[in-house]
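In: got a sequence here, can you model it:
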Amino acid sequence: MHRRAFAVAVSCAAIMLASAAAVRADVRLPTVFGDGMVLQRDVPIPVWGWADPGEEVVVVLSAESNGAAGKSGRSEGPVTLPLGTSGSGPGDSITAPVVTDAEGRWRVELRPVPATGIPLLLKVSGRNSILVKNVLVGDVWFCSGQSNMYWPVRNSANAKEEMAAADWPQIRLFEVAKDAAARPREDVYGSWRVCSPQTVGGFSAAAYYFARRLHQELNVPIGLIHASWAASSAHPWTSAEGLAADPKVKAFAESLMKQTGPSLEKFAQEFEPQWAEWAKAAAQARADGKQPPARPEVSFKHDVRHVPSALFNGMVAPLARMPVKGVIWYQGENDAHRGMFYQSIFESLIRDWRTQWKQEEMPFLFVQLASHMARQPQPSESKWAELRAAQAAATRLPHTAMACAIDIGEADNIHPSNKQDVGLRLALGALHVAYGKDLVYSGPVLKSWKADGGTAVLRFDHVGGGLEVRGERLTGFAVAGPDKKFVWAEATVKGGTVIVTSDSVSDVRAVRYAWADNPECNLYNKERLPAVPFRTDE
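Out: Have a look, this model is predicted:
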């Protein structure tokens, strides 16, 4: 990062902190602690914030009402809450006192709580009191990426019907406002909403359909924290430490910073003062019990979506203290020109986020690029196919799963409207990776192959109930001989294998499947999950 850019950012951050300090006599919480939130079940629950130095703060998690909330959110009779007794008095509650440090920061850790749809109350008391109402305990998922993750329900397939049916009070939605920074911020801008026909329309469709399936399968509250930015690459979402961990990625980021760093500097110069004024006014409004003013909108005049670590600093870092069940990620279109190098960048991001959340085995589920652009009449090279291969290679990392979307793309639309299948396939991966369910969560993946003259025999993992061709004949396969020139091949399913041949290639040296921007391909398993594109000539 340019020294001046860092200086501007640090200076502006100081302004924001100073503005907040003007009303710091009041206890404050990060915005992710808000009415309607979901806390992660079965792990220690951190609660943190700010107050005056040396101030005593008491945090209490207790029952909002002694009733069980069903799908409607209404009480359905008395229950015993899973909180236990605080030890300081009767009742179902957890209490934790703390004294702020010299900078006015405080943090407590509440003991783990199992999932409950019973509304809880989080009370934080110092010189003032904050009540966070309608708190549920379940599974929290962090959802991020570029425009296909951002793509809202209202712009997706069957939007009218889907929105009308979105009555899921135990699914909660938190939208992180767009932000970028040279250093990790302390907080994000956003708020929780209860999922309903009135609130779901503007939320990520892929994330919503993912959560809906999980909630139906698990019957526990699901919280979604959504932080995406259209046309963003992977490296802005990765911390500086994460980018530096791989020498190749570090050199790439340093080179890119020389090109993109100035845009972040200009962005900071123009908008940080506005945000500082807004932060001061918003904090004062909250202290006075009034509605805070609207946050200034981010301008696209200065494109900060490509600055290394900028989006991580602004939209991810402040939330990494909050335990989550896992991550879902939908991104790659903006990195398609980087081919297989994307594998290094993407794996750096996965490792980095696990480090930042201090969850080494944090489930990480992601979507492979869908088909797009014009269909080519002959086998050819494809940047999008290379990017898909880089994504598939990342599944070698433990506790990952990939949702293949090769069959649901649209030639003339980079934002496929079918986000239902995207959410479903992500949920299948989560049920296996995060919840240990024994189920088929992936389409067929090439396991091994062997050529004998002009015939190749391919074997697959994730066959499920068996291989299936959806159409009159199997398509999407190409072969090459010693000359490395690929031609279309005939392919048939035989038992658990695929037999591939070509009259024009008598000595098969390589096989490709669905290797194109927008391939014609139709191999599935009987669970209706598409085979993952591949090439054997890596």
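In: what about the strands in the stretch 401-538 of the chain?
Out: For the stretch 401-538 of the chain, the strands defined by DSSP state E, counting those that start in this stretch occupy 445-452, 455-461, 467-469, 477-480, 486-488, 490-494, 497-501, 510-513, 523-525, 534-535.
In: dump those strands to TSV, plus mean neighbour count, mean pLDDT and distance to residue 218.
Out: From N, CA and C alone the C-beta is placed, and that goes for glycine too. Below are the strands of the stretch 401-538 of the chain laid out as TSV (neighbours: other Cβ atoms under 10 Å; pLDDT from 0 to 100; distance: least, Cβ to Cβ, whole Å):
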stretch	mean neighbour count	mean pLDDT	distance to residue 218
strand 445-452	14	98	26
strand 455-461	19	98	26
strand 467-469	19	98	28
strand 477-480	26	98	38
strand 486-488	18	98	44
strand 490-494	15	98	35
strand 497-501	20	98	35
strand 510-513	24	98	34
strand 523-525	22	98	24
strand 534-535	20	98	32
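In: is it possible to get CSV of those strands that adds distance to residue 185?
Out: Shown next, in CSV, are those (distance: least, Cβ to Cβ, whole Å):
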stretch, distance to residue 185
strand 445-452, 39
strand 455-461, 42
strand 467-469, 49
strand 477-480, 49
strand 486-488, 49
strand 490-494, 52
strand 497-501, 51
strand 510-513, 44
strand 523-525, 44
strand 534-535, 41
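In: of those strands, which is nearest residue 195?
Out: Closest to residue 195 of those, according to Cβ to Cβ: strand 523-525, at 31.2 Å.
In: which residues touch the spatially closest residue to residue 448 that is not a sequence neighbour?
Out: Closest residue in space to residue 448, ignoring its immediate chain neighbours: residue 459 at 4.9 Å, by Cβ to Cβ, 6 or more residues apart in numbering. Under the criterion of Cβ atoms under 8 Å, 6 or more residues apart in numbering, the neighbours of residue 459 are 446-449, 496-497.
In: now residue 515: closest residue in space that isn't a chain neighbour?
Out: Using Cβ to Cβ, 6+ apart, the nearest residue to residue 515 is residue 385, at 4.6 Å.
In: so which helix or strand takes in that neighbour?
Out: helix 383-393 (DSSP states H and E).
In: and that helix, which residues are buried?
Out: Neighbour-count burial for helix 383-393, with 16 or more other Cβ atoms under 10 Å as criterion, is recorded at 384-393.
In: distance to residue 156 and pLDDT added to those residues, as TSV?
Out: Output for the buried residues of helix 383-393, formatted as TSV (distance: Cβ to Cβ, whole Å; pLDDT from 0 to 100):
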residue	distance to residue 156	pLDDT
384	22	98
385	25	98
386	28	98
387	23	98
388	22	98
389	27	98
390	26	98
391	22	98
392	25	98
393	29	98
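In: quick one, longest helix in the chain?
Out: In the chain, taking DSSP state H as the definition, the longest helix is helix 247-287.
In: hmm, back to that, I'd like the buried residues of helix 383-393 as a markdown table, with distance to residue 120 appended.
Out: A markdown table is the format used below for the buried residues of helix 383-393 (distance: Cβ to Cβ, whole Å):
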| residue | distance to residue 120 |
| --- | --- |
| 384 | 46 |
| 385 | 49 |
| 386 | 48 |
| 387 | 43 |
| 388 | 43 |
| 389 | 46 |
| 390 | 43 |
| 391 | 39 |
| 392 | 41 |
| 393 | 42 |
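In: which two among the residues you listed are spaced furthest apart?
Out: With distances taken as Cβ to Cβ, the most widely separated pair in the buried residues of helix 383-393 is 384 and 393, at 15.0 Å.
In: how much space between the nearest residue to residue 106 once chain neighbours are set aside and residue 452?
Out: Nearest residue to residue 106 in three dimensions, chain neighbours excluded: residue 100, at 4.4 Å (Cβ to Cβ, 6+ apart). Residue 100 sits 73 Å away from residue 452, going by Cβ to Cβ, to the nearest Å.
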